[in-house]
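Participant: Structure of the sequence below:
(one chain, ligands or ions: 1)
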Amino acid sequence: MKKLNPDFGFGTLSIHAGQEPDPTTGAIITPIFQTSTFVQPKVAEPIDGYDYARVKNPTCVALEGNFAALEKAKHGIVFSSGLAAIEAVIKCFSAGEHIICEENTYGGVTRLFTKVLSKLGLEFSFVDTRDLNKIQEALQPNTRLIHVETPTNPMMRICDLKAIADMAKDNGTLLMVDNTFASPYNQQPLTLGADITVHSSTKYLNGHSDIIGGLLAVNDSDLADQIRFVRKSTGGVPGPMDAWLCLRGTKTLHVRMERHNQNGLAVAQYLENHKAIHQVIYPGLTSHPQYELIKKQMSGFSGMVSLDLGSPHAARQFAESTRIFQLAESLGGVESLISIPALQTHASVPPELRERMGVTEGLVRLSVGIEDIQDLIEDIEQALP
Ligand SMILES: *Cc1c(COP(=O)(O)O)cnc(C)c1O
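Facilitator: Model (predicted):
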């Protein structure tokens with residue numbers, strides 16, 4: 001294999017990083033190592049650490065190397081889902097330790113923290129991380145981690161990654177950033193000072209709506225070892241076929257994200273001028289209240305658009321009338337999706353918190369895919385009142 005220069009552009013790294021032609025045949029694509037174990041030439045002397053596939057699998061290792069390059073990280077760590085990745089990080093901590101979490105985080109994360117991990121004696125505070133004072137107030141001597149998401153789902157709140165990273169460092173805690181909505185093509189949290197970046201690779205990284213997966217990027221080797229130890233001990237690893245599909249997905253991440261960015265902006269701008277819409281929330285609109293901060297830390301704005309139709313009836317009517325936008329949860333695939341967060345992804349969030357954040361039953365979320373933009377706009381047009 002010719003040596004890969006880490007300074008190559010994002011697209012070149014997407015296609016080549018982490019992968020080498022198969023040494024036995026020259027196959028250009030990393031094989032799916034569908035095996036549970038590896039034969040050891042001598043007792044307790046596995047080849048290159050390959051002793052059992054829960055610990056290490058070559059297809060997974062290729063994906064980890066590829067993803068690490070995209071996030072400009074030293075280490076990539078693959079999981080069976082985004083939630084398994086987040087759980088593994090929290091399980092590096094002990095009962096009595098404290099975690100600060102963005103209040104508008106992915107609903108499954110709130111459920112994991114409040115219904116599962118708090119039973120083990122870990123403590124959680126939920127705050128609006130747009131406000132640095134609120135984070136400062138929530139910090140305790142036993143705080144070990146700040147977990148943020150930016151942009152958030154579905155309100156597209158933005159937090160200041162560099163400022164929070166500095167605050168975390170000053171207070172001896174780690175910062176974990178859920179980068180699922182932006183993808184590493186649009187935002188690279190580790191370069192802004194975060195310690196851990198997490199993804200549901202189910203979404204943009206894989207991009208084809210055919211796997212569930214998670215990935216973590218970290219620079220600190222001790223932290224990477226601790227997380228790998230938890231993963232080996234708890235077992236949240238993907239099968240090699242899923243890792244292989246994700247690796248195929250990341251090869252086109254730069255091309256797909258470019259189109260998601262274009263289509264997302266075009267749809268948001270169209271909606272902003274439509275009289276049936278009360279509000280459009282999209283990080284790439286100058287009307288977003290945090291547009292200045294967004295331009296500082298994101299290079300593109302992705303394909304996620306939220307819109308307020310003002311009433312539950314209008315929202316439901318719209319969501320059930322589109323023809324190309326399919327009515328489904330999830331996001332980040334090549335195909336466009338539509339959903340009503342309050343009734344679907346965020347149904348388990350307490351109603352008063354939903355209300356406070358603006359996640360009403362009139363709010364619709366679009367995951368704008370990479371179809372032809374004229375077709376998408378026409379579809380929205382015919383479905384709106
Ligand atoms: C989907 C999602 C998750 C959870 O990931 P899974 O792969 O479904 O476990 C976490 N964070 C965000 C922002 C998500 O969209």
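
Participant: I'd like to know how many residues surround residue 37.
Facilitator: When neighbours are defined as other C-beta atoms under 10 Å, residue 37 has 11 of them. Yep, even glycine has a C-beta here, placed from its N, CA and C like the rest.

Participant: Apologies, that question was intended for residue 336.
Facilitator: 24.

Participant: Give the closest residue to residue 165 in space, chain neighbours not counted.
Facilitator: Take residue 165 and drop its neighbours on the chain: the residue closest to it by C-beta to C-beta, 6 or more residues apart in numbering is residue 193, 2.9 Å away.

Participant: Neighbours of the one you found, how many?
Facilitator: Neighbour tally, residue 193, other C-beta under 10 Å: 17.

Participant: ok, it - contacts?
Facilitator: 161, 162, 165, 166, 168, 169, 175 (C-beta atoms under 8 Å, 6 or more residues apart in numbering).

Participant: Go through those and name the one nearest residue 260.
Facilitator: residue 161 (20.8 Å; C-beta to C-beta).

Participant: Now the closest one: phi and psi?
Facilitator: Residue 161 adopts backbone torsions of phi -60, psi -40, taken as degrees, to the nearest 10.

Participant: you'd agree it is up against residue 151?
Facilitator: No. The criterion here is C-beta atoms under 8 Å, and residue 161 misses it with residue 151 at 11.5 Å.

Participant: dump the residue contacts of the residue of the stretch 1-150 of the chain found nearest the ligand.
Facilitator: The stretch 1-150 of the chain approaches the ligand most closely through residue 82 (2.4 Å), counting by C-beta to the nearest ligand atom. Contact analysis of residue 82 by C-beta under 8 Å, 6+ apart lists 106, 108, 178, 180, 198, 199, 200, 201, 202, 213, 214.

Participant: Who's the closest spatial neighbour of residue 160, skipping the chain neighbours?
Facilitator: Closest to residue 160 by C-beta to C-beta, 6+ apart is residue 293, at 5.8 Å.

Participant: Give me the buried positions along the helix or strand where the one you found lies.
Facilitator: Residue 293 is located in helix 291-297, with elements delineated by DSSP states H and E. Of the residues in helix 291-297, 293, 294, 297 count as buried by neighbour count, 16 or more other C-beta atoms under 10 Å.

Participant: Helices of the stretch 251-385 of the chain, start to end?
Facilitator: Secondary structure of the stretch 251-385 of the chain by DSSP state H, counting those that start in this stretch: the helices cover 253-272, 291-297, 312-319, 351-357, 373-383.

Participant: The first one versus helix 373-383: what angle between them?
Facilitator: Read that as helix 253-272. 40 degrees (axes from the mean of the first three to the mean of the last three C-alpha atoms, to 10 degrees).

Participant: Bridged to residue 338, which residues?
Facilitator: Applying DSSP bridges to residue 338 gives these bridge partners: residue 327, residue 366.

Participant: In contact with it, which residues?
Facilitator: Taking C-beta under 8 Å, 6+ apart, we find residue 338 in contact with 318, 319, 322, 325, 326, 327, 328, 364, 365, 366, 367.

Participant: what about 7 Å?
Facilitator: Residues in contact with residue 338 (C-beta atoms under 7 Å, 6 or more residues apart in numbering) are 319, 322, 325, 327, 364, 366.

Participant: hang on, the earlier thing: want to throw the buried residues of helix 291-297 into a markdown table with distance to the ligand and pLDDT?
Facilitator: As requested, the buried residues of helix 291-297 are exported to a markdown table (distance: C-beta to the nearest ligand atom, whole Å; pLDDT from 0 to 100):
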| residue | distance to the ligand | pLDDT |
| --- | --- | --- |
| 293 | 19 | 98 |
| 294 | 17 | 98 |
| 297 | 17 | 98 |
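
Participant: ok, so of those residues, who is nearest residue 234?
Facilitator: Of those, the one sitting nearest to residue 234 (C-beta to C-beta) turns out to be residue 297, at 32.5 Å.

Participant: wait, doesn't the closest one sit right on residue 161?
Facilitator: Yes. Shown here, residue 297 and residue 161 form a contact pair, counting by C-beta atoms under 7 Å, at 5.5 Å.

Participant: Name the residues contacting each of the two.
Facilitator: Shared contacts of residue 297 and residue 161, counting by C-beta under 7 Å, 6+ apart, come down to residue 192.

Participant: List the residues that contact the closest residue to residue 333 other than its chain neighbours.
Facilitator: Excluding the flanking residues, the one nearest residue 333 by C-beta to C-beta, 6+ apart is residue 209, at 3.7 Å. By C-beta under 7 Å, 6+ apart, residue 209 lies in contact with 330, 333, 335.

Participant: Confirm that residue 197 sits in a helix.
Facilitator: No. Secondary structure of residue 197, determined by DSSP: H, G, I helix; E, B strand; the rest coil: strand, with no helix assignment.

Participant: what's the neighbour count on it?
Facilitator: By the criterion of other C-beta under 10 Å, residue 197 has 29 neighbours.

Participant: I'd guessed it sits against residue 190; true?
Facilitator: Yes. In terms of C-beta under 7 Å, residue 197 counts as a neighbour of residue 190; the distance is 5.7 Å.

Participant: Count the neighbours of the closest residue to the ligand within the stretch 101-250 of the chain for me.
Facilitator: Nearest residue of the stretch 101-250 of the chain to the ligand (C-beta to the nearest ligand atom) works out as residue 200 at 3.0 Å. Each residue near residue 200 was counted by other C-beta under 10 Å, and the total is 28.

Participant: and if you look at residue 207?
Facilitator: Count around residue 207 with other C-beta under 10 Å applied: 27.
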